[in-house]
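> this one's structure only:
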Ligand SMILES: [Zn+2]
């Protein structure tokens, strides 16, 4: 009897070997999906500022080596045991919401977004900076045919985050909604706000993005280096919502007084230093600050459908995924126009 040696299929991954280390492109065996999981042949993955949490090992309990990436678009390549509602060849995505347990108190109430044991793609398990990844079915998002992989990828985190934060904000059509930060999230937030019927004020640093934000759907552009942006918002009547996308606690604090009565500062840009707002500022006008993170795969499918219906699309710079380090540095520089996307 002869024994044949079957070489395991290999793939390339861009991994972070340990907290704070540089990216490494290495070969690994193509993983097999376990029960309730699928394997995805990755075709595109967005580079998000929150990938810092993986790269620098900021997330509590994160283990290394780790492959970042939570804006993953691709095709189902293999099904694990017990997977019946998804098929091989189907186009799918995986965003920030990497899975929920279905059994904790929040899940039993249907609040899967806040599952006590939620998994974060690219943090709890390896994400999309690789040629193949494995994901649990409860994290999968169906991608419509009209969106390309590279277009869909940024909508799976930057898109859902800004779309859902605005949709759940309680702002009505015609209300003044400000979008702070003209970057990966902000350039989508402006479009979603415009297509939702809000009066949109875009707030950026410097004059260079003014014309572009108007094209994206902003009615007003406020250059926060030239004027006091909070006062500028008050001159427009005060914002019902300020969607704060740039991860700057100082800028968010300075903007708070741009809110009108019952106004809400919705924080989606993850910074780690404290914001400064006094109790008196909150009490005056019954104003609030709320944080927001992404949404469930069902919310993400709403986002993709809304984008399909209204023409909202990310503006992207694409990089071959072996150049993950270059794309990541470009993202950190703040100069990307506006989302770096790795393609496989
Ligand atoms: Zn749960």
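Nice, I can see it. Just so you know, these numbers come straight off a predicted model, no measurement behind them.
> so residue 142 makes contact with residue 301?
Yes - at 6.0 Å, residue 142 counts as touching residue 301 under the criterion of CB atoms under 8 Å. Using the backbone N, CA and C atoms, a C-beta is placed for each residue, glycine as well.
> these two - which one has more neighbours?
Taking other CB atoms under 10 Å, residue 142 and residue 301 do not tie; residue 301 has more neighbours (18 against 14).
> buried residues in stretch 121-130?
For stretch 121-130, burial by neighbour count (16 or more other CB atoms under 10 Å) applies to 121-130.
> count of residues packed around residue 186?
For residue 186, the count of nearby residues is 27 (other CB under 10 Å).
> residue 161 - how many residues pack around it?
Here the number of neighbours of residue 161 (other CB under 10 Å) works out to 31.
> in a helix, it, correct?
Yes - membership of residue 161 in a helix is supported by DSSP: H, G, I helix; E, B strand; the rest coil.
> contacts only, for it.
With contacts defined as CB atoms under 8 Å, 6 or more residues apart in numbering, the neighbours of residue 161 are 96, 185, 268, 292-295.
> mind doing that once more with 6 Å?
Each residue near residue 161 by CB atoms under 6 Å, 6 or more residues apart in numbering is listed here: 268, 294.
> contacts for the biggest helix by length in the chain?
What stands out as the longest helix in the chain, according to DSSP state H, is helix 297-310. Outside helix 297-310, the residues that touch it by CB under 6 Å, 6+ apart are 95, 141, 144, 146, 155-156, 159-160, 163-164, 195.
> that helix: which residues count as buried?
By 16+ other CB under 10 Å, the buried positions in helix 297-310 come out as 297, 299-304, 306-308.
> and if you look at stretch 163-174?
163-167, 169, 171.
> may I see the buried residues of stretch 121-130 arranged in TSV, with pLDDT as well?
As requested, the buried residues of stretch 121-130 are arranged in TSV below (pLDDT from 0 to 100):
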residue	pLDDT
121	98
122	98
123	98
124	98
125	98
126	98
127	98
128	98
129	98
130	98
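> give me the distance between residue 74 and residue 161.
According to CB to CB, to the nearest Å, residue 74 stands 20 Å off from residue 161.
> with residue 326 instead?
Distance, residue 326 to residue 161, using CB to CB: 25 Å.
> again with residue 123
16 Å.
> do the same with residue 198
Separation of residue 198 from residue 161 (CB to CB): 17 Å.
> ok, back up a step: what two of the buried residues of helix 297-310 are the furthest from one another?
When CB to CB is used, the two most widely separated members of the buried residues of helix 297-310 are 297 and 308, lying 16.2 Å apart.
> helices along this protein, start to end?
In the chain, the helices defined using DSSP H lie at 52-55, 105-108, 149-154, 160-167, 186-195, 210-216, 229-235, 249-255, 279-283, 297-310, 324-333.
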